[in-house]
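Visitor: mind looking at a prediction? Sequence and model below.
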Amino acid sequence: MDKKVYEYITKQSWEKIMQWKKCSCWEEFPITDKDIAFYEKISPTFPSPDSAESGLTRYLIPTPNLCPDCRQQRRLSFRNERKLYKRKCDLSGKDIISLYSPDKTYKVYEQSEWWSDKWDPLKYWKDFDFSRSFFEQFDELMQVVPRIALNAWNDNENCDYNNYISGSKNCYLNFWISNSENTLYSMQSSSITDSLEVYNSSNVRNSWYVEYSSTITNSLFVWNSNNIVESLFIKWCENVTNWMFCANISNQKYVFKNKEISKDEFEKKLEEVKKVLKLKNWLDILTREFEQFLKDNFPVKNLNNSNVENSFWNNLSGVKDCKFCFSTDNSSSSNYIADVFWINDCWDCNLIWNWASNLFDVINVFWSSNVYFSESVFEGSNNIFYSQNCTNWSSDLFWCIWLKSKKYCILNKQYTKEEYETLVPKIIEHMKIKNEWWEFFPSSTSPFWYNETLADEYYPATIKTGLNSSRPVFKISTYENPKPEVSKIIPASKLPDDIFSIPDDILNWAIECETSNKLFRITKIELAFYRKHGLPIPKKHPDIRHLDRMNNRAKRELFIRNCDKCWVEMVSVYNKDSNLNVFCEACYNEEIY
């Protein structure tokens with residue numbers, strides 16, 4: 001982030017910069033009075049016979065040495081969302097789908113077996129060795145404690161090829177979805193039925209390619225809109241039925257490019273679109289037409305936010321007193337966060353949801369509080385330090401892995417309350433000497449290779465990773481899944497463009513992606529969807545389609561620029577060289593509404 005952006009946002013949020021620090025990537029970043037107050041507030045206390053009158057010693061959390069981007073990159077290197085592999089369960093020996101490729105040495109258990117009473121994570125305990133570093137000992141514990149194959153909850157049915165899924169049925173290659181059915185290739189969404197390619201949306205039925213929207217029915221290509229029915233290429237709209245290529249309007253019927261037309265005229269336009277769908281480059285044609293319509297007729301707002309107060313960055317809704325926050329809903333008093341909702345008093349967090357508070361430098365936390373330098377902590381857990389995958393009302397854990405409903409444990413060893421509170425301060429002092437105190441886990445200890453993780457999506461492997469240097473920082477996987485056993489492999493270029501010329505046999509084929517040459521399959525549900533809507537078979541692998549969608553979004557970066565109408569200085573996700581007309585919120589509202 002540019003230094004001027006930090007200065008602008010800090011000034012706007014009424015904070016005082018107390019110190020500038022330089023990251024190992026050479027980026028300068030500020031430490032503000034609000035940062036310092038937060039670090040002091042969450043610094044833990046433990047009983048000490050040498051302390052003052054209170055009988056407690058506070059172990060202050062120092063200010064970070066890495067910039068916000070590098071801190072986020074390190075956290076994201078611990079999250080594999082999309083890379084799935086076939087391997088054996090190390091408990092039963094049966095074939096399973098897993099986040100862990102078979103070339104990794106970790107023990108991996110199928111979900112139901114991992115949650116069962118067939119094994120006890122406490123039996124892998126270790127005594128803390130004061131002659132060695134903490135991270136070295138923790139890495140050894142990671143190697144022996146069994147890991148869960150996938151993250152799935154609440155009685156999913158026929159949902160083997162999904163991750164972070166809950167209460168769903170007949171779903172394929174979805175990530176972080178809930179209460180959905182017959183849904184494919186979707187992310188961060190809930191209550192999706194008979195739909196494909198849905199992102200960060202809810203209550204979607206029989207639709208395709210929907211982003212940041214809710215209550216969408218029988219529609220294709222919908223962005224940032226609500227209550228849309230039987231419409232195509234819609235953006236920033238509400239209460240829509242039978243629209244095509246529309247933006248920034250509401251409460252009309254039979255509309256083409258924001259002009260109301262007759263039902264007969266609308267149906268003629270629709271037939272023209274259906275003819276385009278039979279062309280090889282149909283998506284490029286329709287997308288360019290819509291983008292040109294938007295560019296010719298509408299400005300874009302500097303930031304895509306609604307109902308925010310003293311908050312800065314992008315895709316915010318119902319947010320108060322938050323800065324450097326991205327894709328955040330109904331949250332307050334938090335900084336340096338992304339993909340979160342319903343949180344309070346959290347710093348340096350990713351993928352947090354449902355009434356979480358007092359978190360620092362964590363990823364993947366649900367309904368928990370007072371969690372520090374940890375990943376995957378769930379369901380009412382509290383006072384968790386340097387731990388991974390602890391859940392079910394666990395509390396007071398230091399350096400533990402995969403514990404459920406446990407208390408007063410260190411390196412998976414059970415202690416009494418008094419033993420725990422005596423030993424933890426000694427370990428903290430040891431970590432200070434080793435320069436490990438209050439640093440998130442090194443990426444070198446991640447159970448995933450860098451190119452398997454979310455870090456590679458936001459910080460590609462050749463950027464800010466040191467991969468081009470003589471001493472690489474991150475590990476790169478070269479493992480590839482075996483080719484599927486199919487009756488035929490067909491290059492995507494050989495597929496008919498007309499969906500009705502595609503035979504049923506395609507369900508037994510593998511398609512070779514036109515971009516990456518990776519092989520992918522078409523499912524029965526997917527084929528029925530394309531035929532119902534007259535859509536051609538995709539020519540790209542789902543991973544490539546995902547990356548294309550990521551690249552089409554505004555980057556997670558802020559710039560200082562001027563409004564193209566009133567010239568006021570503002571922050572925006574569009575830099576000053578953008579060919580779009582970018583307006584501040586006041587000018588945008590005046591122009592559109």
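Guide: That came in fine, so what should we check first?
Visitor: which residues in the stretch 51-200 of the chain form helices?
Guide: 68-76, 111-115, 134-144 (DSSP state H, counting those that start in this stretch).
Visitor: which parts of the last one are buried?
Guide: Just to be clear, that refers to helix 134-144. 134-135, 137-139, 141-142 (16 or more other CB atoms under 10 Å). Where C-beta positions appear, they are placed from N, C-alpha and C, glycine not excepted.
Visitor: packing partners of that helix?
Guide: helix 417-433 (3 or more CB pairs under 8 Å, 6 or more residues apart in numbering; DSSP states H and E).
Visitor: run through who's touching the helix it packs on.
Guide: Identification of contacts with helix 417-433 by CB atoms under 8 Å, 6 or more residues apart in numbering yields 46-48, 57, 59, 128, 130, 134, 385, 396, 398-399, 408-410, 415, 437.
Visitor: let's see that with 7 Å instead.
Guide: Helix 417-433 is touched from outside by 46-48, 57, 59, 128, 130, 134, 396, 398, 408, 410, 415, 437, with contacts defined as CB atoms under 7 Å, 6 or more residues apart in numbering.
Visitor: and for stretch 290-307?
Guide: Contacts for stretch 290-307 (CB under 7 Å, 6+ apart): 224, 233, 235, 245, 247-248, 257, 314-318, 564, 570-574, 580-585, 588, 591.
Visitor: how about stretch 13-26?
Guide: Counting contacts by CB under 7 Å, 6+ apart, the residues touching stretch 13-26 from outside are 10, 28-34, 36, 63, 65-67, 70, 310, 312, 323, 464.
Visitor: next secondary structure after whichever strand in the chain runs longest?
Guide: When the chain is parsed with DSSP state E, its longest strand is strand 312-366. For strand 312-366, the following helix or strand on the C-terminal side (DSSP states H and E) is strand 369-372.
Visitor: quick revisit: to Ile192, which of the helices of the stretch 51-200 of the chain lies closest?
Guide: Closest approach to Ile192 among those (CB to CB): helix 111-115, 21.5 Å.
Visitor: touching the helix or strand harbouring Asn227 from outside, list them.
Guide: Using DSSP H and E, Asn227 falls within strand 226-229. Outside of strand 226-229, the residues within contact range by CB under 7 Å, 6+ apart are 213-219, 222, 234, 237-241.
Visitor: adjacent strands (with direction) for the strand or helix carrying Gln19?
Guide: Using DSSP H and E, Gln19 sits within strand 17-22. In the sheet, strand 17-22 lines up against strand 28-32 (antiparallel) (DSSP bridges).
Visitor: could you give the mean pLDDT of the next helix-or-strand element following the partner strand?
Guide: Note on strand 28-32: by DSSP H and E, the next helix or strand toward the C-terminus is helix 33-42. pLDDT averaged over helix 33-42 equals 96, rounded to a whole number.
Visitor: show me what helix 33-42 is packed against.
Guide: Using 3 or more CB pairs under 7 Å, 6 or more residues apart in numbering; DSSP states H and E as the contact test, the elements touching helix 33-42 are strand 312-366.
Visitor: list the contacts of Met244.
Guide: 231-233, 256, 269-270, 273.
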